[in-house]
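K.L.:
here is my input; please provide its structure:
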Amino acid sequence: MERLERKEREFNMRRAEILKQAEKVFATKGFHNVTVAEIASASGFSIGSLYQFFEGKENLYTTMISEKLDLMYVEIRKATNAAKDINGKIGALINAHLQFIEKNTDFCRLFIKGENAALSEAMTSLRQKLIDDYFKHINFIENLLKDGIKKNLLRALPPHEMASALFHLIRASSMEWMLVPAKESLSSKKGFILDIFLNGVKKYD
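P.N.:
The predicted structure follows:
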């Protein structure tokens with residue numbers, strides 16, 4: 001049993017190292033300009049060894065994208081659920097989004113390039129998973145906001161539209177930060193996003 005567990009740990013460690021190095025190579029050169037040989041070399045494996053973990057470049061790419069985004073959603077939900085009140089939860093959600101992007105900027109830049117547009121079955125499955133996961137995440141935010149409405153802490157606006165608005169506020173700030181060099185950290189935008197979402201831009205006397 002112990003031997004099997006050790007083998008499984010070693011397998012998972014090697015697999016994780018391949019995914020880590022593949023992310024760096026894909027982020028530098030893009031999906032179409034990368035070869036399996038380059039990923040194997042960067043990972044310290046032979047091409048034959050790499051095929052023991054992944055079927056090929058496309059499988060490696062879709063797995064890397066899928067698992068990285070799964071990790072993002074888990075981290076965001078964990079941070080959000082750990083906060084106590086509605087304002088704290090919204091702030092934690094914003095901050096977790098921004099921190100993930102800041103820590104994984106190369107990955108996020110690769111992701112927004114849209115290189116998963118090839119019409120293969122694997123890429124089509126990935127696109128569908130990304131769509132499904134997006135709506136699950138919006139639903140998570142929506143339920144959070146519904147709770148705030150129920151407790152009379154937020155205005156009784158359509159919660160789905162509110163959730164989408166918050167997500168796209170985060171996305172817009174993140175996109176600009178990634179595309180235009182900035183001195184300040186992305187996390188520093190949390191206060192602005194939270195203020196705009198909760199208070200809007202209209203000035204009241």
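K.L.:
just for the chain, where's the confidence low?
P.N.:
In the predicted model, the chain carries pLDDT under 70 at residues 114-119, 205.
K.L.:
give me that answer again for 80
P.N.:
Along the chain, the model assigns pLDDT under 80 to residues 1-5, 111-122, 181-182, 204-205.
K.L.:
can you give me the helices in it?
P.N.:
Along the chain, counting by DSSP state H, helices occupy 2-29, 36-43, 47-50, 57-82, 86-103, 105-112, 121-150, 159-179, 190-199.
K.L.:
what residues of the fourth one count as buried?
P.N.:
With burial defined by 16 or more other Cβ atoms under 10 Å, the residues of helix 57-82 counted as buried are 57-58, 60-65, 68-69, 72-73, 76-77, 79-80. For glycine as for every other residue, the C-beta is placed from the backbone atoms N, C-alpha and C.
K.L.:
so how far is S187 from S173?
P.N.:
11 Å (Cβ to Cβ, to the nearest Å).
K.L.:
again with N87
P.N.:
Distance from N87 to S187, by Cβ to Cβ: 17 Å.
K.L.:
next one: N143 from K84, what distance?
P.N.:
17 Å.
K.L.:
higher neighbour count, those two?
P.N.:
N143 (11 against 8; other Cβ atoms under 10 Å).
K.L.:
what sits against that one?
P.N.:
By Cβ atoms under 8 Å, 6 or more residues apart in numbering, the contact set of N143 is P159.
K.L.:
domain ranges for the protein?
P.N.:
1-54, 57-199 (automatic domain parsing).
K.L.:
and the last one, how far apart are its ends?
P.N.:
With Cα to Cα, to the nearest Å as the measure, the first residue of domain 57-199 is 47 Å from its last.
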